[in-house]
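Asks: Using only what follows, build the 3D model:
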Amino acid sequence: SPGPPETIVAIERLDACRKGVVVAARVYLYVSRRTIIILHTMKGVVYQGEHHVEVDEVDEPTLQGPNDAIIDITTTCICGSDLHMYEGRTAAEPGIVFGHEAMGIVDEVGDGVSSLEVGDRVSIPFNVACGHCKNCEEGKTGFCLNVNQEGSVPAGGAYGYVGMGPYQGGQAERMRVPFADFNALKLPDEGHEDDFALLADIFPTGWHGTELADLQPGESVAIFGAGPVGLMAAYSAKIKGASEIYVVDRVPSRLELAEEHCDATAINFEEGNPVEQIIDEHGGEVNKGVDAVGYQSVEPESVRDSDEPYDPTKENPGVLINQLIRVVEPKGRLGIIGLYVPEDPGAPDTISEMEAQGRLGIDFGKLFEKGQGLATGQCDVKSYNRYLRDLIIAGRAEPSFVVSHRVGLDEAAEMYDRFDNREEGFTKVILEP
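Replies: Numbers count the residues shown, from 1 in each chain. Now for the predicted structure:
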């Protein structure tokens, strides 16, 4: 009967239903006698609250405009940036579908999409960009002016991330890609799945760190952080012809990857001051530096009260940038790709109120004295992804060495817990819907 919309469930395959087995169901929204909206659902990784995600049924995406495409996701990744939300260190609210690193097969396209066809294999940059605003026209797609009118971030959009727009995340079975002609990167029909999965974020972001630092062939570089992005920065430095690469971390398995695949010198900051270690090893200050950690940098174990793999009470948000200032030579450049935030609602009590607001104790006087340059910000993925794709196709880059786990989407909750605990051997987790 007519009245307010109500939700009903219709059982498909009635023959099976009569046998007591429900094979498939669809949710219908009853609007009027003549209008019924079919609501399909799918599986997605949904944030439930601090340190809690679940794989739940969520609404399937639909085409919302003529320039949209719908992607059947074949591979999606957990990013270190997702952990900031997972840990309650952002303003993320329960219900958000996580994930901004995805690739898959085009399943639907809007009437205005001209360069993509159903069946195309594509990588989706984590940036959502319109392609025609001032910033997009200048290649600054990480800071699009049209895709995030209501989010807290002043420019730029992303999938499945707080403050970055209304875009459902890619840790799911399907995703909507707005401005699909501009955003989707076509891939060969087969091969290199794990390598191509890293084109959405971490390989371009690691490369971006070396670009922000203006790393040139033959120069030396110190990279702080051997997580996935730090390893990609070191790998990029190797491809670009750096003469010496120093990678700072404290997780042995990650440092081993840096040595094996990036020809880097491993610096374990648990074994001494990393600035002194690098200067002693190199014979002086290095030319360039990259921060691939961000505001959750921690002090060494010697100043901790516990032996936990990760102890947030020993975070020191400004320590890493200050170490970079000291280890990079005068007139050198620093590339800051580690995440820093203006609001940290879940900060431990040991973090000052100013630090929780993103105002850090940086040795700016020393930075000025050394005449160093410093550049920051989200990666403009489209500036790099097609060239990195072609390096992979040519066999000149195999970034998938960072992938430690490939599991089904249903195992996402366990993977988040173990990745967040910085378990030995966990570097990059790939989820397969």
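Asks: pLDDT value on residue 297, please?
Replies: pLDDT recorded at residue 297 is 84.
Asks: what lines up beside the helix or strand that contains residue 334 in the sheet?
Replies: Residue 334 belongs to strand 328-336 when assigned by DSSP states H and E. When pairing is defined by DSSP bridges, strand 328-336 lines up against strand 286-291 (parallel), strand 373-376 (parallel).
Asks: quick one: low-confidence parts of the protein?
Replies: 1-39, 301-313 (pLDDT under 70).
Asks: OK, contacts around the residue nearest the centre of it?
Replies: By Cα atoms, centre = their mean, the chain has its centre lying nearest to residue 79, at 4.4 Å. By Cβ atoms under 8 Å, 6 or more residues apart in numbering, the contact set of residue 79 is 100-101, 201-202, 228. Using the backbone N, CA and C atoms, a C-beta is placed for each residue, glycine as well.
Asks: ranges for the helices of the chain?
Replies: Here the chain has its helices, by DSSP state H, at 14-18, 80-86, 134-137, 180-183, 193-197, 202-212, 228-239, 252-262, 274-282, 319-327, 353-356, 364-369, 385-393, 412-420.
Asks: For residue 119, which of those helices is the nearest?
Replies: helix 180-183 (14.0 Å; Cβ to Cβ).
Asks: For residue 328, list the residues it contacts.
Replies: Neighbouring residues of residue 328 by Cβ under 8 Å, 6+ apart: 222, 285-289, 334, 370, 372.
Asks: What residues are bridge-paired with the residue nearest to residue 73 when sequence neighbours are not counted?
Replies: Leaving aside its sequence neighbours, residue 73 sits nearest to residue 104 (Cβ to Cβ, 6 or more residues apart in numbering; 4.1 Å). Assessed by DSSP bridges, residue 104 has beta-bridge partners residue 73, residue 122.
Asks: was I right about residue 104 contacting residue 70?
Replies: No - at 9.5 Å, residue 104 and residue 70 do not qualify as touching, with contact defined as Cβ atoms under 8 Å.
Asks: okay, the two: which has more neighbours?
Replies: residue 104 (25 against 21; other Cβ atoms under 10 Å).
Asks: Contacts only, for that one.
Replies: 71-75, 121-122, 124, 174-175.
Asks: Which members of the contacts of residue 328 are the farthest-apart pair?
Replies: Farthest apart among these by Cβ to Cβ are 222 and 370. That separation is 14.3 Å.
Asks: between those two, who's got more neighbours?
Replies: Higher neighbour count among residue 222 and residue 370: residue 222, with 31 against 16, using other Cβ under 10 Å.
Asks: how close does that one get to residue 160?
Replies: To residue 160, residue 222 is 32 Å away according to Cβ to Cβ, to the nearest Å.
Asks: again with residue 286
Replies: Distance from residue 286 to residue 160, by Cβ to Cβ: 36 Å.
Asks: who's more crowded, these two?
Replies: residue 160 (30 against 24).
Asks: Disregarding residues adjacent in the polypeptide, which is nearest to the more buried one?
Replies: Nearest non-adjacent residue to residue 160, counting by Cβ to Cβ, 6+ apart: residue 169, 2.1 Å away.
Asks: Then residue 374?
Replies: In space, residue 374 comes closest to residue 334 once its chain neighbours are excluded; the distance is 4.7 Å by Cβ to Cβ, 6+ apart.
Asks: Pull up the gap between residue 397 and residue 45, please.
Replies: For residue 397 relative to residue 45 (Cβ to Cβ), the value is 28 Å.
Asks: Of the two, give the one with the bigger neighbour count.
Replies: Per other Cβ under 10 Å, whichever of residue 397 and residue 45 has more neighbours is residue 45, with 30 against 22.
Asks: can you pull up the bridge partners for that one?
Replies: Per DSSP bridges, residues listed as beta-bridge partners of residue 45: residue 55.
Asks: Assess the claim that it and residue 100 are in contact.
Replies: No - here residue 45 lies out of contact with residue 100, judged by Cβ under 8 Å, at a distance of 11.6 Å.
Asks: so what's in contact with the two at the same time?
Replies: Residues touching both residue 45 and residue 100 (Cβ under 8 Å, 6+ apart) are residue 169.
Asks: Please report how far residue 380 lies from residue 233.
Replies: 16 Å.
Asks: Please say which of the two ends up with more neighbours.
Replies: Set residue 380 next to residue 233 and count neighbours by other Cβ under 10 Å: residue 233 wins out with 35 against 25.
Asks: need the contact list for the more buried one.
Replies: 206-207, 209-210, 223, 290, 292, 335, 337.
Asks: Which one (most neighbours) among these?
Replies: Highest neighbour count within the contacts of residue 233: residue 223, with 39 neighbours (other Cβ under 10 Å).
Asks: My guess is that residue contacts residue 288. True?
Replies: No - counting by Cβ under 8 Å, residue 223 stays clear of residue 288, with 9.3 Å between them.
Asks: burial of the closest residue in space to residue 257 that isn't next to it in sequence, as a residue count?
Replies: Sequence neighbours aside, residue 231 is the residue nearest to residue 257 in space, at 5.9 Å (criterion: Cβ to Cβ, 6+ apart). Counted by other Cβ under 10 Å, the residues lying close to residue 231 total 30.
Asks: Could you do residue 327 as well?
Replies: Residue 327 has 26 neighbours, counted by other Cβ under 10 Å.
Asks: Wait, it touches residue 289, no?
Replies: Yes - assessed by Cβ under 8 Å, residue 327 is found in contact with residue 289 at 6.3 Å.
Asks: list residues touching both of the two?
Replies: Here residue 327 and residue 289 have residue 222 as joint contacts, going by Cβ under 8 Å, 6+ apart.
Asks: how close does residue 390 sit to residue 151?
Replies: Computed as Cβ to Cβ, the residue 390 to residue 151 distance reads 33 Å.
Asks: quick one: which of these two has more around it?
Replies: Shown here are residue 390 and residue 151; by other Cβ under 10 Å, residue 151 has more neighbours (18 against 11).
Asks: In space, what's closest to that one - neighbours in sequence excluded?
Replies: Leaving out its chain neighbours, the residue that sits closest to residue 151 by Cβ to Cβ, 6+ apart is residue 163, at 4.7 Å.
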